[in-house]
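[1] here's a sequence, model it:
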Amino acid sequence: MKNLAKALAAFQAEHHSAKRGGTGNYGTYVTLADALQAVQPATAHGLAHSQTMEYLCDGLMALKTVLLHESGESIESSLPIPFKFEGGRGNSMQQLGSALTYARRYGLLSIYGLAGDDDDDAESTFVKKQTGRDAKDFF
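    Here you go, the predicted structure:
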């Protein structure tokens, strides 16, 4: 994977994150179009990507993201996506489309090593105890 690693390192030396062009209930976020625009310059380094869906089992699909180099080298990542939706907005295909868009966005950012959200130092993963202190206060 010498060629892919060299090309990805060159791309990452120039590009670190995707702009946040979407606006939602909780602020701004990276849209799928933003993510695609952020990874497009990688083509200058001989990099390209492919994203496909794969059926895993009843109620579960996977988004497979493949990062390709012109030399033929590649790496891949898979993200499971549940596709049986109950309730929520829209019909099941609209809900699947929304989940797929979300997965594609984060699949692209992660395989290219780009940031998409502000780094909160894993703050959001910690649950506050009744004392008002974060779990990280104990480490």
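
[2] wait, doesn't Ala7 sit right on His45?
    Yes. Judged on C-beta atoms under 8 Å, Ala7 makes contact with His45 at a distance of 4.0 Å. Quick note: C-beta positions are derived from backbone N, CA and C, even for glycine.

[3] tell me, what residue is most central in this structure?
    Taking C-alpha atoms, centre = their mean, the centroid of the chain lies closest to Tyr106, which sits 1.0 Å from it.

[4] so for whichever strand or helix holds that one, what's the average pLDDT?
    Here Tyr106, judged by DSSP states H and E, is contained in helix 92-112. On average, the pLDDT along helix 92-112 is 90.

[5] strands paired with the helix or strand bottoming out on mean pLDDT in the chain, and their directions?
    Ranked by mean pLDDT, DSSP states H and E, the helix or strand of the chain with the weakest confidence is strand 22-24, at a mean of 85. With DSSP bridges as the test, strand 22-24 is paired with strand 27-29 (antiparallel).

[6] quick one: contacts of the strand it pairs with?
    Arg20, Gly21, Gly22, Thr23, Gly116, Asp117 (C-beta atoms under 8 Å, 6 or more residues apart in numbering).

[7] so where's this protein shaky on pLDDT?
    85-90, 117-139 (pLDDT under 70).

[8] at 80 what do you get?
    The chain contains residues with pLDDT under 80 at 26, 83-93, 95, 117-139.

[9] show me what the helix holding Tyr106 is packed up against.
    Packing contacts for helix 92-112, counted by 3 or more C-beta pairs under 8 Å, 6 or more residues apart in numbering; DSSP states H and E, involve helix 2-14, helix 32-39, strand 47-57, strand 60-69, strand 74-82.

[10] turn the ones you listed into TSV, columns for mean neighbour count and distance to Leu96.
    Compiled in TSV, the helices and strands packed on helix 92-112 are given as follows (neighbours: other C-beta atoms under 10 Å; distance: least, C-beta to C-beta, whole Å):
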stretch	mean neighbour count	distance to Leu96
helix 2-14	15	30
helix 32-39	18	15
strand 47-57	14	9
strand 60-69	18	8
strand 74-82	15	8
